[in-house]
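K.L.:
predicted coordinates and the sequence they were generated for:
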Amino acid sequence: QVQLVESGGGLVQAGGSLRLSCAASGRTFSPYAMGWFRQAPGKKREFAAAISWSGSTIYYADSVKGRFTISRDNAKNTVYLQMNSLKPEDTAVYYCAADSFVDPPKMTQGSYDYWGQGTQVTVSS
């Protein structure tokens, strides 16, 4: 079992930045690809970004490409999502997820084995 805990969400004005963190505990000796997904009010959860275990393969959704950066520190069992130039449409609950298939990382939710509880990001206009 792997437990994932997100942090760093909050309220920010449009154009601002936030950095989300996802700390993993439990079976962290096993390599995992990691993903960030988000769910806006009234919408389905969607893919945002994913990173392989080594960090060599990274994917972004078109909606966040050029504004968000995913990274990881395996020594700290933590993955990050740096979000810049935030827009009101980025408002959502952001979830991190772990996939035991390490490379390439997946963009489909069903591929992920473990999920965090989510952290709220609200971008005001």
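P.N.:
Sure, I can see it. Residues are numbered from 1 along each chain as shown.
K.L.:
give the residue spans of the chain that score low on pLDDT.
P.N.:
Along the chain, the model assigns pLDDT under 70 to residues 28-29.
K.L.:
what segments of it are strands?
P.N.:
Taking DSSP state E as the criterion, the chain carries its strands at 2-7, 10-13, 18-26, 33-39, 46-51, 58-60, 68-73, 78-83, 92-99, 114-115, 119-124.
K.L.:
the third one to strand 78-83, inter-axis angle?
P.N.:
Inter-element angle recorded for strand 18-26 and strand 78-83: 160 degrees (by axes from the mean of the first three to the mean of the last three Cα atoms, to 10 degrees).
K.L.:
list the buried residues for strand 18-26?
P.N.:
Buried residues in strand 18-26, counted by 16 or more other Cβ atoms under 10 Å: Leu18, Leu20, Ser21, Cys22, Ala23, Ala24. The C-beta positions use only the backbone N, C-alpha and C, and glycine is treated the same way.
K.L.:
with distance to Ala40 added, can I get the residues you listed in JSON lines?
P.N.:
Listed next are the buried residues of strand 18-26 as JSON lines, based on distance: Cβ to Cβ, whole Å:
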{"residue": "Leu18", "distance to Ala40": "16"}
{"residue": "Leu20", "distance to Ala40": "15"}
{"residue": "Ser21", "distance to Ala40": "21"}
{"residue": "Cys22", "distance to Ala40": "19"}
{"residue": "Ala23", "distance to Ala40": "24"}
{"residue": "Ala24", "distance to Ala40": "25"}
